[in-house]
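Peer 1: Please work out how this folds:
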Amino acid sequence: MIPYHDENSTQRTALVTIAVIGLNALVWLVVQGAGSPLALAKSVCDLGLIPGELTLSLPPGTRFPLGNGLVCLTDPGRQIGHVLSSMFMHGSWMHLIGNMWFLWIFGNNIEDSMGHARYGVFYLVCGVAAALTQVMLNPASRIPMVGASGAISGVMGAYLILYPRVRVWTLVPLGFFITSIKLPAWTMLLYWMALQFVSGLTGLFGDEEGGVAVWAHIGGFVAGMVLIKLFARADDVNAHRREAWRPERVARGGWGS
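Peer 2: Next up is the predicted model:
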């Protein structure tokens, strides 16, 4: 499912969401060389989060391939800052665009519910929680973690709590065709979460989820569900929840007309 519109209005411009999207795009273009092989590999090695380095499971100087004949050498002393830097790195154009698209669909309403400053902190905290979840579940991994999807998963978890019945328009592939359907947010978000959970369980007994940090997605999602009540403003939450949960009613005439 690919969401492309939600029927959920906002009261203020999503300045932080826009800034995060812009920063991720800037990092991709400037730091990661818009995906050029050498710049991409260097950025992933230098700024990505490698669980085995953070947990000291990999000895210093351990070599592992990055593709295109390039290798990365582990350096455990630099990994703490990578918990944050990895949140603004991506592995490809599609990785970047997909993440930023989901952030825009769901992030503007969550930012609206808590204000700009709180939302910025919330986003970072969810990203850190996501990264640490992946590290705890796969502490010896040598695969670098990059991407904003853990933090964005936190935004999606918060959306599930605040706006479960808001209608979300999604594209659904059916064989060779793609159709558009309107679903309650809870249906789409729980379906997405179930896919992550199944993939994560499969990965525990096989490969590392094909290089996708699904436990980061799960950890971020749960963090967002838990933390939203601490960060959201009560007046905004109540106002939006009344609108989100209000049943649709259509009246034509009636007994008293």
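
Peer 1: residue contacts, residue 68?
Peer 2: By Cβ atoms under 8 Å, 6 or more residues apart in numbering, the contact list for residue 68 reads 37, 38, 41. Using the backbone N, CA and C atoms, a C-beta is placed for each residue, glycine as well.

Peer 1: Can you get me a residue count around residue 31?
Peer 2: 17 (other Cβ atoms under 10 Å).

Peer 1: Chain neighbours aside, what residue packs nearest to it?
Peer 2: Nearest residue to residue 31 in three dimensions, chain neighbours excluded: residue 43, at 5.3 Å (Cβ to Cβ, 6 or more residues apart in numbering).

Peer 1: Residue 223 too?
Peer 2: Ranked by Cβ to Cβ, 6+ apart and with sequence neighbours excluded, the top spatial neighbour of residue 223 is residue 129, at 3.8 Å.

Peer 1: which element is that neighbour on?
Peer 2: When elements are assigned from DSSP states H and E, residue 129 belongs to helix 116-137.

Peer 1: can you pull the buried residues of that helix?
Peer 2: Residues of helix 116-137 classed as buried under the neighbour-count rule (16 or more other Cβ atoms under 10 Å) are 118-120, 122-135, 137.

Peer 1: Which parts of the chain are strands?
Peer 2: Here the chain has its strands, by DSSP state E, at 2-6, 63-67, 70-73, 167-174, 177-184.

Peer 1: pLDDT weak spots in the stretch 1-150 of the chain?
Peer 2: Under the criterion pLDDT under 70, the flagged ranges of the stretch 1-150 of the chain are 76-78.

Peer 1: so where do the helices sit in it?
Peer 2: 15-26, 37-47, 51-54, 82-85, 93-114, 116-137, 149-162 (DSSP state H, counting those that start in this stretch).

Peer 1: tell me the most buried of these?
Peer 2: Most buried of these by mean neighbour count (mean count of other Cβ atoms under 10 Å) is helix 149-162; its value is a mean of 27.
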